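K.L.:
Next input, structure requested:
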Amino acid sequence: MSKLKIAVIVGSLSQQSINRKLGEGLAKLMQDQADFEFIDISRLPVYNRDFDNTPDFKPFEDLKPQIRGCDGVLFITPEYNRSIPASLKNVLDGLSRPYGQTVWAGIPAAIIGSSPGGAASAMAQQHLRNVLVSLDMPTMAQPEGFVRWSDTLLDADGHIGAASHGFLTKYMSKFLDWVQLHPKK
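P.N.:
Predicted structure coming up:
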């Protein structure tokens with residue numbers, strides 16, 4: 001059996017994003033079981049339905065084959081004002097358009113995120129879950145991935161640290177099982 005191909009979409013655009021670092025650590029953790037492709041959403045324009053079927057829609061259209069080519073999507077989101085970042089909502093909206101041409105329907109997904117605060121990204125993840133239901137993405141419910149950021153979450157080489165290794169290995173194993181149990185339509 002060939003390796004699963006997982007698209008990774010990080011909601012933060014920051015070069016120093018702790019969520020991007022978490023995603024890279026998760027990819028390293030499971031690199032023997034899946035190939036992870038980080039999707040660059042940093043150069044997308046703000047979606048506007050006037051773009052549909054025009055040259056302005058090209059940045060969104062160019063991303064569609066990357067999503068279509070994956071077996072599952074791992075969303076890694078920070079929490080901005082108790083919700084998801086605009087960049088994450090933008091890619092979800094843009095790749096679901098024009099109407100009837102969504103790229104998301106039927107692709108299994110999981111959500112995880114980190115923040116220094118105690119609740120991590122719980123509110124953002126719940127908001128994202130609501131959006132993914134609307135997009136018809138079967139989304140893993142358990143385990144939930146509310147990861148409190150600390151300096152020991154990753155080691156000096158960017159690997160998941162000892163304190164979180166067991167939980168995050170279980171989380172990612174469950175996600176890869178989820179992808180296999182829910183092959184994309």
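K.L.:
how about the helices in the chain?
P.N.:
Ranges of helices in the chain, per DSSP state H, are 18-29, 58-68, 86-94, 122-134, 162-181.
K.L.:
For the residue positioned nearest the centre of the chain, list each beta-bridge partner.
P.N.:
Centroid-nearest residue in the chain, with CA atoms, centre = their mean: Phe75, separated by 1.4 Å. Assessed by DSSP bridges, Phe75 has beta-bridge partners Ile9, Ile111.
K.L.:
surely it meets His127?
P.N.:
No. Counting by CB atoms under 8 Å, Phe75 stays clear of His127, with 11.4 Å between them. In this view, the C-beta of every residue, glycine as well, is placed from N, C-alpha and C.
K.L.:
Got the confidence number for Ser115?
P.N.:
With respect to pLDDT, Ser115 scores 82.
K.L.:
Ranking helices and strands of the protein by mean pLDDT, which lands last?
P.N.:
Every helix and strand of the chain was ranked by mean pLDDT, DSSP states H and E. The lowest is strand 145-148, at a mean of 82.
K.L.:
same for that one, what does it pack against?
P.N.:
strand 109-115, helix 122-134, helix 162-181 (3 or more CB pairs under 8 Å, 6 or more residues apart in numbering; DSSP states H and E).
K.L.:
now, of these, which is deepest in the fold?
P.N.:
strand 109-115 (a mean of 25; mean count of other CB atoms under 10 Å).
K.L.:
Let me have that strand in CSV, keeping just the CA atoms, if that works.
P.N.:
Output of strand 109-115 as CSV, limited to C-alpha atoms (Å, rounded to 0.1, in the frame of the first residue of the first chain):
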residue,chain,number,x,y,z
ALA,A,109,-10.1,16.1,7.7
ALA,A,110,-8.8,16.7,11.2
ILE,A,111,-8.3,19.9,13.2
ILE,A,112,-5.5,20.7,15.7
GLY,A,113,-4.0,23.9,17.0
SER,A,114,-1.8,25.5,19.6
SER,A,115,-1.7,28.6,21.7
